[in-house]
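In: Fold the stuff below for me.
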Amino acid sequence: MKAINFTKIALEKLKHTQETYRIADQKTTGLSIEVRAEPSFIKTYYAEWSYVVINKEGKQKRHGARRKICRYNQMTIEAVRNNVNLNLANWKRTNTQTGKKKTVEDLIRGFIKALPTAFRFKKDGKKIKYKQKTIDSYISLLECYCLGETQTDEVIQILTTPFNIDGSSYYKKILKDIPIDELTKQDIKIWHSRLETKPISANRALAALSVAIDWDSQKPIPLLKITNPCLRISKYTENKDKRYMEDLAKVLEIRKYCIEQMWRDPQFLCFIMILFEIGERLEDCYGLAWNKPNSIVEQNKCSGWIVWNKKEIYLRDSKNRQEATIGLTDEAFAALKSLQNLVTEENTNASWAVGSKWVFPRPTDKSLPINNSSYRCKIRDYLFKFGMAERTLVKVNKKVDGTKGKRTKYKYTNTLTLKHIRKTFVTYYGRDHGIENASMRMRHSSMEVTKNHYYNEDQEKLKVKHMYGAGSNVVELKKVANDEK
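Out: Just a heads-up that it's a prediction; the model follows:
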């Protein structure tokens, strides 16, 4: 934009042309005059500035904004300059021309964009990056329950429906659209209350939003100037899922089946066997390697590897990132040796994985380990086979290709999942070796974690027939005859 010194003579000389144009003032930042095209013959003073907008992809884009001051000759040039100098900073901050203020959404977008390179702080002062699993969880929670980016109509309705506060008034604000300088603890409380029907998700989303606000507070110029409003908000009570396989005979039946039928589906049945024998998390068993990789880079790609000479598995715990050595039972070690033999032999159901460094390679690509979706259908059928899932017939369709037969479709409902195998392991280990040893074996931070989330007491053993030694130690009192004194 061309700039001149705004004087009455200079502004009078500005001519109207076939196109509208603007001229900036050399003495006043942000002041310009617009000369409208023929035949309107209008000259207007404007204050102009720019602002940055972060889109959904986290990219920054600069936009222009302006505010009308007055028509030419309605105010003196000095009065117009004083008006702009006094108010331009406030106009930039509030951006009244476009109605755009920094909102909660802007804060969340910035946090999501920074997550891959952000650091979390530990008590010892060391900085480590967020785990990819944590990053994915935060992004999923914030996008769904804070920004409303979901295809679930129920969640969208929960986040947008006016909320009845006291029976007479309704709260109509949507969290993501609240200007960041107007955000209060009451706004967070009402948003959290809206998610009452989803207590676990509400608590997780509140924690994720609190982390995002803490991240913003670390910036040199934070968007939110007040103390984190997510603090000291009461969370919903979560029912601890401590379900486990109560029938020990069923556990032994599954283990026997895995051992005897491993030739049918070696990798999958060995995977199930290992879960029962070592009780580790699914993610820690996915990336097991047959042997320790030679380079540090390759070691970091594994969740662990087998130490054959010690009958152990070396793990890098996915929860606390600490190293751990897990002793293998005789049954687990024998299952791994059997799988290794089936892989190296020709014409077996496991020989397709020969050459892979992974104990459980992905069926579609043996250069990669399995993930959550690799055994999806097999796990569904396995759970149903051993009574850990129920199914109902949804519909029966005749085949459309003219052949005989029908195609059935079932809906499966799990009563137990593979995650409950870990709780089964902890329960029986704790009953045999004590809850303290079970907590140490699972590397929990405290016995409270073991008791609240994993361990189930044997209710029968808690019952007693006699107290205080009464029973075998009871001494019958000698009866005294009526005439004895």
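
In: Strands of the stretch 101-250 of the chain, start to end?
Out: Secondary structure of the stretch 101-250 of the chain (DSSP state E, counting those that start in this stretch): strands at 119-121, 127-129, 163-164, 170-171.

In: buried set for stretch 5-24?
Out: Of the residues in stretch 5-24, F6, L11, H16, I23, A24 count as buried by neighbour count, 16 or more other C-beta atoms under 10 Å. The C-beta positions use only the backbone N, C-alpha and C, and glycine is treated the same way.

In: same deal with stretch 379-394?
Out: Neighbour-count burial for stretch 379-394 [16+ other C-beta under 10 Å]: I379, Y382, L383, F384, F386, M388, A389.

In: Before we move on, what's the pLDDT of the most centrally placed residue in the chain?
Out: Central residue of the chain (C-alpha atoms, centre = their mean): S137, 1.4 Å from the mean position. Note for S137: predicted pLDDT of 92.

In: and the gap between it and V211?
Out: Separation of S137 from V211 (C-beta to C-beta, to the nearest Å): 11 Å.

In: hmm, who's touching stretch 129-141?
Out: 111-112, 115-120, 201, 204-205, 208, 211-212, 283, 318, 321 (C-beta atoms under 8 Å, 6 or more residues apart in numbering).

In: go with 6 Å
Out: Contacts to stretch 129-141, defined as C-beta atoms under 6 Å, 6 or more residues apart in numbering, come from residues I112, L115, F119, R120, R204, A205, A208.

In: tally of neighbours for the second one?
Out: Okay, so that is L115. 21 (other C-beta atoms under 10 Å).

In: so what's it closest to, chain neighbours aside?
Out: Of all residues beyond its chain neighbours, the one nearest L115 is I135 (4.9 Å), with distances taken as C-beta to C-beta, 6 or more residues apart in numbering.

In: what's the least confident helix or strand in the chain, going by average pLDDT?
Out: Using mean pLDDT, DSSP states H and E, strand 119-121 stands out as the lowest-scoring helix or strand of the chain, at a mean of 74.

In: Using CSV, write out every CA atom in stretch 336-352.
Out: Taking Å, rounded to 0.1, in the frame of the first residue of the first chain, the C-alpha atoms of stretch 336-352 are listed here in CSV:
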residue,chain,number,x,y,z
LEU,A,336,8.2,-70.4,22.7
LYS,A,337,10.6,-73.2,21.8
SER,A,338,7.8,-75.1,20.0
LEU,A,339,6.8,-72.0,18.1
GLN,A,340,10.5,-71.5,17.1
ASN,A,341,10.7,-75.0,15.7
LEU,A,342,7.4,-74.6,13.8
VAL,A,343,8.7,-71.4,12.2
THR,A,344,12.0,-73.0,11.0
GLU,A,345,10.4,-76.2,9.8
GLU,A,346,9.0,-76.4,6.3
ASN,A,347,5.3,-76.8,5.4
THR,A,348,4.0,-75.8,8.8
ASN,A,349,1.4,-73.2,9.6
ALA,A,350,4.1,-71.0,11.0
SER,A,351,6.8,-71.4,8.3
TRP,A,352,5.5,-68.2,6.5
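
In: For the remainder of this discussion, apply numbering that starts at 35.
Out: Renumbered: residue one is now 35, and that last one reads stretch 370-386.

In: Just the mean pLDDT for that stretch, thanks.
Out: 94.

In: got the contact list for C180?
Out: Contacts of C180 by C-beta under 6 Å, 6+ apart are I142, L209, L243.

In: would TSV of those residues with pLDDT and distance to K163 be doable?
Out: TSV is the format used below for those (pLDDT from 0 to 100; distance: C-beta to C-beta, whole Å):
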residue	pLDDT	distance to K163
I142	94	20
L209	93	28
L243	95	20
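
In: Most neighbours among the residues you listed, which one is it?
Out: Within the contacts of C180, most neighbours by other C-beta under 10 Å means L243, with 26 neighbours.

In: Would you list the phi and psi of I347?
Out: Main-chain dihedrals, I347, degrees, to the nearest 10: phi -120, psi 130.

In: Show me what stretch 117-127 is in contact with.
Out: T62, G64, L65, A81, W83, R101.

In: The contacts of stretch 163-175: which two are farthest apart?
Out: Pairwise distances across the contacts of stretch 163-175 peak at 22.1 Å for F153 and A239 (criterion: C-beta to C-beta).

In: No further questions, thank you.
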